[in-house]
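Asker: Here is a sequence with its predicted model. Questions after.
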Amino acid sequence: MLKLTIVSRNSPLALRQVAEVFALLPDVKYRLRTAPSYGDKHKNISLLDTPPPDIFTRELDRILLRRQADAAVHSAKDLPYPLPEGLAVIALLPAGDQRDALVSRNNLPLRKLPRGAVVGTSSPLRRQELLSRRPDLRIVSLRGNIGERLQKVDSGQMAAIVVAVCALRRLGLAGRIAEILPFPTHPLQGHLAVTARADRQNLRKIFQPLDTRRTWGRAALIGAGPGNPLLLTKQADIYLRQADIIFYDDLARNIVRDYAARKIYAGKRKGRQAYPQEILNEKLYQAVKAGYNVARLKGGDPFIFGRGGEELEYLQKRLVDVEIVPGITAASAAAAAARIPLTYRGRASSVALLSGHPAHKIKTPAADTLVYYMAGTTLPEISAKLRRSGLPPRTPAVCVLNASLPAQSIIRTTLKDLKRLKIKDPLILIVGRTAENNAKI
């Protein structure tokens with residue numbers, strides 16, 4: 001029978017976490033190797049500042065990559081994002097108690113701590129929550145293992161500390177809890193994670209029964225293209241047919257009608273937004289955790305002015321696997337509609353894709369062809385900035401509205417006359433020599 005070498009930090013809590021994992025795998029034999037993490041060796045580093053993201057995993061990661069151990073067991077919230085190249089999370093165990101607890105002298109709750117009391121915490125989020133309720137408190141950095149942290153209260157060095165409930169319960173110290181705090185916590189708090197080299201498929205099979213992600217759905221960030229259903233890719237169509245829920249943007253209205261999934265509008269139009277981005281991110285995450293196959297259908301390409309990067313990071317930090325399906329971006333659709341080559345040998349060898357709003361953030365890089373997205377309300381400002389940057393007044397400029405859609409329209413003008421246009425609808429603006437085509441309105 002295969003006997004695994006497992007590496008762990010050497011604190012009592014870390015060792016208890018390893019025992020907890022393998023109690024669920026009684027037929028798997030293992031040898032334990034311990035190693036102090038960078039954070040264990042440098043307790044002078046405050047976690048309230050900006051510590052290295054791998055402060056509690058670096059040494060263990062190196063041991064795995066050097067093939068000196070098979071797998072490592074971590075508190076999932078300690079994992080860096082992204083993991084080092086070559087490593088993967090092969091199991092995420094179901095969460096224990098995800099709440100925070102206050103441990104204090106004389107078991108005082110937060111509201112009864114003396115004014116100006118010293119409270120230790122290891123998290124900027126916890127500090128923020130503490131000060132929002134008790135701005136008079138003095139919040140200080142808290143380091144060390146759980147026993148060392150509790151000693152700071154017992155010795156009188158601190159009036160109270162904030163600790164994860166799951167950590168106290170794992171060590172049989174739940175009796176020290178003075179109060180359960182109503183704070184939002186790290187999304188992976190309470191979870192244990194097993195990491196290994198990404199090429200160890202045999203280990204994935206061993207730990208797969210413990211992986212709570214087996215019950216999760218999957219997520220796909222899908223580019224819908226410029227809105228014309230005929231420009232949707234085949235790969236996008238496959239994912240949309242498999243989806244249970246589609247969160248769609250404004251440009252995808254005509255596309256989602258052909259699919260049986262539950263549809264949730266998540267777009268933004270003329271300043272009106274269905275959901276703040278943070279709430280939408282959480283809705284995607286919770287839908288995946290509930291077991292649904294989720295399609296996030298975004299106009300154009302998800303990674304070009306689509307906030308796809310934000311959604312990808314949010315989900316991957318929570319250990320959700322995400323598929324990316326590229327789409328035809330509006331710049332390509334608009335250029336095709338107006339018969340404008342974005343590059344042209346001898347005339348244009350560079351293209352810049354730019355946001356056309358807000359006005360004070362408009363950029364004018366030195367590219368041969370400039371394409372401004374969402375530029376309908378800022379044409380005068382773009383014209384002025386480009387002329388100040390040195391472009392001649394007669395530089396061709398083309399506005400494409402509703403590219404690829406039945407209501408498509410094209411306005412050909414020059415940089416000088418661009419400022420006269422008053423357009424409220426979203427548009428793509430293309431500026432440069434290749435946009436020249438009888439430059440008239």
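Answerer: Here it is on my side, so go on. Numbering: from 1, shown residues only.

Asker: For burial, what's the neighbour tally of the closest residue to R134 other than its chain neighbours?
Answerer: Distances taken as Cβ to Cβ, 6 or more residues apart in numbering place L110 nearest to R134, at 6.3 Å, with adjacent residues excluded. C-betas here are computed from N, CA, C, even on glycine. Per other Cβ atoms under 10 Å, the neighbour tally for L110 reads 21.

Asker: wait, what's in contact with L110?
Answerer: Neighbouring residues of L110 by Cβ atoms under 8 Å, 6 or more residues apart in numbering: 102, 130, 133-134, 160, 179, 181.

Asker: Next step: these restricted to helices.
Answerer: Among the contacts of L110, DSSP state H puts 130, 133 in helices.

Asker: Name the helix or strand of this protein that has the lowest mean pLDDT.
Answerer: None of the helices or strands of the chain scores lower by mean pLDDT, DSSP states H and E than strand 268-269, at a mean of 74.

Asker: where are the low-confidence patches of the stretch 251-400 of the chain?
Answerer: 270-271 (pLDDT under 70).

Asker: and if we set it to 80?
Answerer: Within the stretch 251-400 of the chain, the ranges that satisfy pLDDT under 80 run 268-272.

Asker: Mind jotting down where the helices sit in it?
Answerer: 253-256, 277-289, 308-317, 330-337, 379-388 (DSSP state H, counting those that start in this stretch).

Asker: Which residue is the nearest non-sequential neighbour of T369?
Answerer: That would be G432: by Cβ to Cβ, 6+ apart, it lies 3.9 Å from T369.

Asker: Would you agree the one you found is in contact with D368?
Answerer: Yes. Under the criterion of Cβ atoms under 8 Å, G432 makes contact with D368 at 5.7 Å.

Asker: overlap in contacts of the two?
Answerer: By Cβ under 8 Å, 6+ apart, the residues touching both G432 and D368 are A348.

Asker: ok, those two, which is more surrounded?
Answerer: G432 (26 against 17).

Asker: ok, the more buried one to R412 distance?
Answerer: According to Cβ to Cβ, to the nearest Å, G432 and R412 sit 13 Å apart.

Asker: go on, E323?
Answerer: 39 Å.

Asker: repeat for G299
Answerer: For G299, the distance to R412 - Cβ to Cβ - is 24 Å.

Asker: More neighbours: these two, which one.
Answerer: G299 (26 against 19).

Asker: Excluding chain neighbours, what is closest to that one?
Answerer: Excluding its sequence neighbours, the residue lying closest to G299 (Cβ to Cβ, 6+ apart) is L251, at 3.2 Å.

Asker: what's the closest of the helices of the stretch 251-400 of the chain to A14?
Answerer: Nearest to A14, of all the helices of the stretch 251-400 of the chain, is helix 308-317, at 21.8 Å by Cβ to Cβ.

Asker: So what's the gap between that closest one and the chain middle?
Answerer: How far helix 308-317 lies from its chain's middle: 3 Å, per Cα atoms, centre = their mean, to the nearest Å.

Asker: what's next to that helix, contact-wise?
Answerer: 81-82, 187, 219, 221, 277, 280-281, 284-285, 288, 296, 298, 301-303, 322, 324.

Asker: roughly how far apart are V256 and I430?
Answerer: V256 sits at a distance of 29 Å from I430 (criterion: Cβ to Cβ).

Asker: Looking at the two, which one has more neighbours?
Answerer: I430 (24 against 21).

Asker: what are the bridge partners for the more buried one, then?
Answerer: V371, V398 (DSSP bridges).

Asker: Break this protein into its domains for me.
Answerer: 3-94+191-214, 100-181, 216-328, 331-435 (automatic domain parsing).

Asker: pLDDT (mean, whole number) over the first one?
Answerer: This means domain 3-94+191-214. Domain 3-94+191-214 shows an average pLDDT of 97 in the prediction.

Asker: helix/strand/coil for R115?
Answerer: Here R115 is coil, with the state taken from DSSP: H, G, I helix; E, B strand; the rest coil.

Asker: Look up the closest residue to it, ignoring the ones flanking it.
Answerer: Nearest residue to R115 in three dimensions, chain neighbours excluded: D136, at 5.0 Å (Cβ to Cβ, 6+ apart).

Asker: Please tell me how far the nearest residue to Q408 once chain neighbours are set aside sits from A23.
Answerer: In this structure, Q408 finds its nearest non-sequential neighbour in N402, 4.7 Å apart by Cβ to Cβ, 6+ apart. N402 sits at a distance of 61 Å from A23 (criterion: Cβ to Cβ).

Asker: Then V288?
Answerer: From V288 to A23 the distance is 28 Å (Cβ to Cβ).

Asker: Show me which of those two is the more surrounded one.
Answerer: V288 (22 against 8).

Asker: which residues does the more buried one contact?
Answerer: 216-219, 294, 315, 320.

Asker: Closest one of those to G116?
Answerer: Nearest to G116 among the contacts of V288, with distances taken as Cβ to Cβ, is L315, at 41.3 Å.

Asker: quick one: the closest one and P80, what's the gap?
Answerer: Note on L315: its distance to P80, by Cβ to Cβ, is 16 Å.

Asker: and the two? which has more neighbours close in?
Answerer: Between L315 and P80, counting by other Cβ under 10 Å, L315 is the more crowded of the two (20 against 16).

Asker: Give me the neighbour count for L353.
Answerer: For L353, using other Cβ under 10 Å, the count is 18.
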